[in-house]
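K.L.:
For reference, the sequence and a predicted model appear below.
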Amino acid sequence: MQTEIIIAGFGGQGILFAGQLLAYAAMDAKMEVTWIPSYGPEMRGGTANCTVIIADEEIGSPNVRNPKSVMAFNLPSLDKYEALVYPGGTLIANSSLINRPFERDDLKSVRLPANEIAEKIGDRRLVNMVMLGAMLDKSPVLSLESIEEALRNHLPERHKHLLPANYQALREGAAFSQSGSESVT
């Protein structure tokens, strides 16, 4: 089993951290993993994406052409990656910043207002965990519990007070994905 994931958006959305967290959780589960970040020179607002490959056997190449899962945090990312998702794969889009419907109907897809969900929790920086929770609901390459454990084990000590909010964001993203809704209550 090998799963390729692309997480894409702009700097400041926690794109790279979400990918790194997936990689840590996979390593902790004794799986093979690659994590390749890519970002523009801007500190915030420039393009940012990463690819994560998780496998139970040796990974032949870290290059990804047709990912099984894409998390698109903004419209340019959806425009760039939607057509590349492997048929039957997973597409998660942040409807807070994406105002168009999906063009494909052969995917397990979710449009969720990740910004609004994160703000409802109390911290807009949790968008990445909301999106990650939704993706893991549709493509359970790892469990939410393994992601929570990776957060506990790898989050710097100065950020440990943020663990409960991160757990809540993961769970609310997964719950939203399960509900099939498109609005926050």
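P.N.:
Ah, there it is. Numbering: from 1, shown residues only.
K.L.:
C-alpha only now, for contacts and for neighbours.
P.N.:
Noted.
K.L.:
How far does the helix or strand hosting Gly133 sit from its chain's centre?
P.N.:
Assessed by DSSP states H and E, Gly133 sits inside helix 127-138. From the chain centre to the centre of helix 127-138 is a distance of 5 Å (CA atoms, centre = their mean, to the nearest Å).
K.L.:
Stretch 23-41 now?
P.N.:
For stretch 23-41, the gap between its own C-alpha mean and the chain's C-alpha mean amounts to 12 Å (CA atoms, centre = their mean).
K.L.:
20 is where my numbering starts, stick with that
P.N.:
Taking 20 as the first residue, the last one we looked at is stretch 42-60.
K.L.:
Next, the buried residues of that stretch.
P.N.:
Counting neighbours by 16 or more other CA atoms under 10 Å, one finds that the buried residues in stretch 42-60 are Ala42, Tyr43, Ala44, Ala45, Glu51, Val52, Thr53, Trp54, Ile55, Pro56, Tyr58.
K.L.:
neighbouring contacts of it?
P.N.:
Contacts of stretch 42-60 from elsewhere in the structure, counted by CA atoms under 8 Å, 6 or more residues apart in numbering, are 30, 35, 38-39, 65-78, 81, 161, 165-166, 168-169, 173.
K.L.:
redo that, cut-off 7 Å
P.N.:
Identification of contacts with stretch 42-60 by CA atoms under 7 Å, 6 or more residues apart in numbering yields 35, 38-39, 65-78, 81, 165-166, 169.
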